[in-house]
Structures are given as C-alpha cells and as structure tokens.
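Student: My questions are about this predicted structure, shown below with the sequence.
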Amino acid sequence: MFVYRTNRFFWPAAHRKAPSDETAFLLVPACPRASSSRKHQASHMDTPLRNLAVIGAGAMGSGIAALFASKGLNVVLIDPVDGALDRALKTIERQLNVYAPAEVQQVIQRIRMEQGLEAAAASDLVIEAVPENLDLKRGIFAKLDALCPPHTLFATNTSGLSINAIASAVQRRDRFVGAHFFTPADVIPLVEVVRNDDTSEDTVAKVMATLRFGGKRPVLVRQDIPGFIANRIQHALAREAISLLEKGVASAEDIDEVVKWSLGIRLALSGPLEQRDMNGIDVHYAIASYLYKDLENRTEPSDLLKSKVDSGHLGAKSGQGFYTWSPERRERVLREKSAALGELAAWLNGKAGGS
Ligand SMILES: NC(=O)c1ccc[n+]([C@@H]2O[C@H](COP(=O)([O-])OP(=O)(O)OC[C@H]3O[C@@H](n4cnc5c(N)ncnc54)[C@H](O)[C@@H]3O)[C@@H](O)[C@H]2O)c1
C-alpha cells in the first residue's frame, strides 16, 4: 500500500506526528544509497552542507527550498521580482499541506525570504533556479562569486545550458556543478550532478551528500554534454513519438497508451541497459540491425512541432496541444499526477532498498 500522504518528504514514521523539537526535522533520507552510506565510517563526505541559498523562487526554486527546509537545513530563498516571494510562500504552503499546520510553520520558519543576493553570503551551498538564460545566470554567479566566502559551493539547476559556459563567470570553477532537478522538485528523486571541466572531487562529494540528505538520488554526469542524460533520452523518445503521430501511425492517445503501459511501467524498475541485458544483447543487436535505419533521425524539430508552436497550441497551459485541456482538467491532472508520482517514488525507493 502506498504511504505517500504521510511520506511526501520521506518523513520517518517515528516523527510523523507532532514533532516536539527541532530534531524531528532531521529526517532519515529515503534514498537507499544514503541509508547504506551510514553503514561505513562517517566522514565529512557524508555530511550535508547545512546553510543553503536558493536563487529564484519560481516553480523549481520554491520546491527545492521546501525540500531542504523540511529536512532541517537552513534555507534562504532569494528573488528580487515583485510578488515572487509571496507566490513562492503560497506554493510552499500548498506543497507542505500533507503535514499538520504546526509542522508546516516549523518548516517555513527555516526558509528566510530575501530580495537581495547579499543574503546568500553566509551559505555553504547556493542553488540557482532563475529563468533559462545564459547571460542572466552568468551575471548572478559573477555577483555571488564576489559576495560569498571561498568555501561556498555553487550549483545551477539549468535544464541544458552548458555548465562550463555558466561556470566561466566565476573564479571558483572547481567549486561549481550543475544540479539538475526534475519537476516537481520536491517529488522526483533523481538529480543529475554535472561536472564542469574543473569541478573538484570534494565539491561533487559534498553536493551529493547534501542531495542524499534531502532524500534525493543524485547521479554524476561526468561530461558537460547538451541535455545531460535524462533530456537526451526523453527527447529521443519524444522525437520518435511525434514522428509516429505525424505519419498517422496511431492517435496521440494510443501512442501514449503504448508507452505508458509497456515501456513506461517496465522502465520504472529496469533502465534501458539493464532491460537489454534481460532481453539478450544478441536479440537487441538483431533488431537494431534492421530497425535503426527506419527510426526518426531528423536534426531539427519536426513540422508538426513547429506548427503547434506557431499556432499557440503550447499544451496544457494554452488549452490545446496534442490534447485539449480545460483549466479544471489541467489543475486536476497536475494535482493527481504529482500525488501519484510521490507515491510511486516512495514505493520504488522502498523496493530498491530491499533489492
Ligand atoms: N520547470 C521545470 O520543469 C524545470 C525542470 C528542471 C530545471 N528547470 C530549470 O530551472 C530554472 C528555473 O525554472 P523554473 O521553472 O523554476 O522557472 P520560473 O519562471 O518558475 O522561476 C524563475 C524565478 O526566477 C526569478 N528571477 C528572475 N530574475 C531573477 C534574478 N535576477 N534573481 C533571482 N531570481 C530571479 C523569477 O522571479 C522566478 O520566480 C531554469 O533554468 C529551468 O530551465 C526547470
């Protein structure tokens, strides 16, 4: 049975009800690798950085701030845009609504809201989540580089900009990584930690330890390549799906149905490489030998994709995409899928821990 409603931030059973003091927020990380790491001798590499700053209080920044504050870390959330922090507070309260009001207040008290970057100066780790614009991100990091003490580590949540290009704005390139969270940031366990060419081992270890403490499953991406790992695979899949739709092979509903109830359900337990091993690599080789030449391999977005963008059919947010969306349907699907994903992630974490 799923236990998501009481476990969204992987609240340990012993602390689920009315925590009496601060220690109630020092949660046991749900990530099995984090739990097993406690078996070996503790070192500074296992210790999370305790004072975090999150720059940008939008969809990602508010989720990241709520996540770490719920684990007992001190967070300053910084956004200079008028109204952004008020909106973030409402988002965070909604994200935390699985807890009793007193617990929610204790978490929120750990998040200091500020408009100026100077507030990041006392932090051990700064996570940037401002809009996806290279010049904006570089400008913010250049200012932070001047404001923060040498020990402060920097992380950018860019979806796909070059980590080297962003890191070249600072002197401390050895203390700079990509930390690519997935949306909703407080629910999806994986974080891609991406090196730039100068990132030190110590930086990677400390950022990974902090993410694990936050209940995340960080994976190191050793090269700064466009799209990192997840977006490359996601776009390869979407390019083929859109191509199949464009060719009239099946309806959008049926293409999604095929992926969700065959590959999707299997991928939750076995990645594509483990699955190849289970199927037999010779079998994969034989199929690849005739199928690859027929797969979509265009290097520009398809005409169908371009026409949707040109006509303003941008998906759920505009009411029309591959499907038709009413505001009520969008709200309901977002709410229900977010809750179901949290349940699934918690269940899978339990399964992975037992294997
Ligand atoms: N939304 C996603 O699905 C997703 C997933 C992974 C990564 N990302 C990446 O995370 C980053 C943020 O995305 P988002 O979806 O949260 O965007 P968003 O638009 O929801 O939030 C961005 C926030 O940054 C603030 N901001 C603007 N200028 C600023 C400045 N100079 N200093 C500080 N804050 C400033 C805005 O007020 C806003 O609150 C982007 O790089 C994005 O590519 C997004």
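Tutor: Right, received. Where do you want to start? All figures in this text were calculated on a predicted structure; none of them were measured in a lab. Numbers count the residues shown, from 1 in each chain.
Student: Please count neighbours and contacts with C-alpha atoms only from this point.
Tutor: OK.
Student: any chance you could map the helices in the chain?
Tutor: 32-37, 59-70, 84-95, 101-109, 134-147, 163-167, 201-213, 230-246, 252-258, 265-267, 272-279, 281-291, 303-310, 327-354 (DSSP state H).
Student: Please identify the most buried of these.
Tutor: Mean neighbour count, computed with mean count of other Cα atoms under 10 Å, is highest for helix 59-70 among the helices of the chain, reaching a mean of 25.
Student: Does that helix pack against any helices or strands, and if so which?
Tutor: With contacts defined as 3 or more Cα pairs under 8 Å, 6 or more residues apart in numbering; DSSP states H and E, helix 59-70 has these neighbours: strand 51-55, strand 74-78, helix 84-95, helix 101-109, strand 111-114.
Student: quick one: which of the ones you listed is nearest Gly227?
Tutor: Nearest to Gly227 among these is strand 51-55 (21.7 Å), distances taken as Cα to Cα.
Student: Report whether the closest one contacts the ligand.
Tutor: Yes - residues of strand 51-55 contacting the ligand under Cα under 6 Å from any ligand atom: Ile55.
Student: List the strands paired with that strand, with their directions.
Tutor: Here strand 51-55 is paired, per DSSP bridges, with strand 74-78 (parallel), strand 125-128 (parallel).
Student: Identify the residues contacting Ser200.
Tutor: Applying Cα atoms under 8 Å, 6 or more residues apart in numbering to Ser200 gives the contacts 174-175.
Student: I meant Val126, not that one.
Tutor: Val126 neighbours (Cα under 8 Å, 6+ apart): 52-55, 120, 152-155.
Student: Give me the distance between it and Ala66.
Tutor: Going from Val126 to Ala66 by Cα to Cα, to the nearest Å gives 15 Å.
Student: With Arg173 instead?
Tutor: Distance from Arg173 to Ala66, by Cα to Cα: 27 Å.
Student: Gly160 now?
Tutor: In terms of Cα to Cα, Gly160 sits 23 Å off from Ala66.
Student: Likewise for Arg276?
Tutor: As judged by Cα to Cα, Arg276 and Ala66 stand 38 Å apart.
Student: just Ile78 next, same as before
Tutor: Ile78 is 13 Å from Ala66, where distance means Cα to Cα.
Student: need the helix or strand of the chain with the lowest average pLDDT.
Tutor: Lowest by mean pLDDT, DSSP states H and E among the helices and strands of the chain is helix 32-37, with a mean of 39.
Student: which parts of the stretch 101-250 of the chain sit against the ligand?
Tutor: Within the stretch 101-250 of the chain, the positions lying close to the ligand (Cα under 6 Å from any ligand atom) are 129-132, 157-159, 180-183.
Student: ok, 5 Å please
Tutor: Within reach of the ligand by Cα under 5 Å from any ligand atom, the stretch 101-250 of the chain has these residues: 129-132, 157-159, 182-183.
Student: Now the buried members of those.
Tutor: For those, a neighbour count by 16 or more other Cα atoms under 10 Å gives the buried set as 129-130, 157-159, 182.
Student: and the two most separated of those residues?
Tutor: Distance extremes for those: the farthest pair is Val130 and Phe182 at 14.5 Å, using Cα to Cα.
Student: contacting residues for Phe182?
Tutor: Counted by Cα under 8 Å, 6+ apart, Phe182 has contacts 188, 190-191.
Student: Go through those and give me the one with the most neighbours.
Tutor: Most neighbours among those, by other Cα atoms under 10 Å: Val191, with 22 neighbours.
Student: doesn't Val219 make contact with that residue?
Tutor: Yes - using Cα atoms under 8 Å, Val191 makes contact with Val219 at a distance of 6.3 Å.
Student: Where does pLDDT dip in the stretch 101-250 of the chain?
Tutor: Low-confidence segments of the stretch 101-250 of the chain, defined by pLDDT under 70: none present.
Student: Which residues are in contact with Val76?
Tutor: Contacts for Val76 (Cα under 8 Å, 6+ apart) come out as 52-54, 65, 111-114, 119-120.
Student: From those residues, list just the buried residues.
Tutor: Neighbour-count burial (16+ other Cα under 10 Å) applied to the contacts of Val76 gives 52-54, 65, 111, 113-114, 119-120.
Student: Quick check: the farthest pair among these?
Tutor: Ala65 and Ala119 (14.5 Å).
Student: Next, format the contacts of Phe182 as CSV and append distance to Ile229.
Tutor: Below are the contacts of Phe182 laid out as CSV (distance: Cα to Cα, whole Å):
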residue, distance to Ile229
Ile188, 15
Leu190, 11
Val191, 11
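Student: Just the ones of the residues you listed in strands?
Tutor: In strands, judged by DSSP state E, the following of those are found: 190-191.
Student: just the contacts of Phe182 now: which is nearest the ligand?
Tutor: Nearest to the ligand among the contacts of Phe182: Val191, at 9.4 Å, using Cα to the nearest ligand atom.
Student: for that closest one, what are its contacts?
Tutor: Shown in contact with Val191 (Cα under 8 Å, 6+ apart): 179-182, 211, 216-219.
Student: again, but for Leu295
Tutor: When contacts are counted by Cα under 8 Å, 6+ apart, Leu295 touches Glu240.
Student: One more: the one 10 residues further on?
Tutor: By Cα under 8 Å, 6+ apart, Leu305 lies in contact with Ile242.
Student: Recalculate using a threshold of 10 Å.
Tutor: Leu305 makes contact with 239, 242-243, 246, 313-314, 321-322 under the criterion Cα atoms under 10 Å, 6 or more residues apart in numbering.
Student: do the same with Asn196
Tutor: Shown in contact with Asn196 (Cα under 10 Å, 6+ apart): 162-168, 173-178, 221-225.
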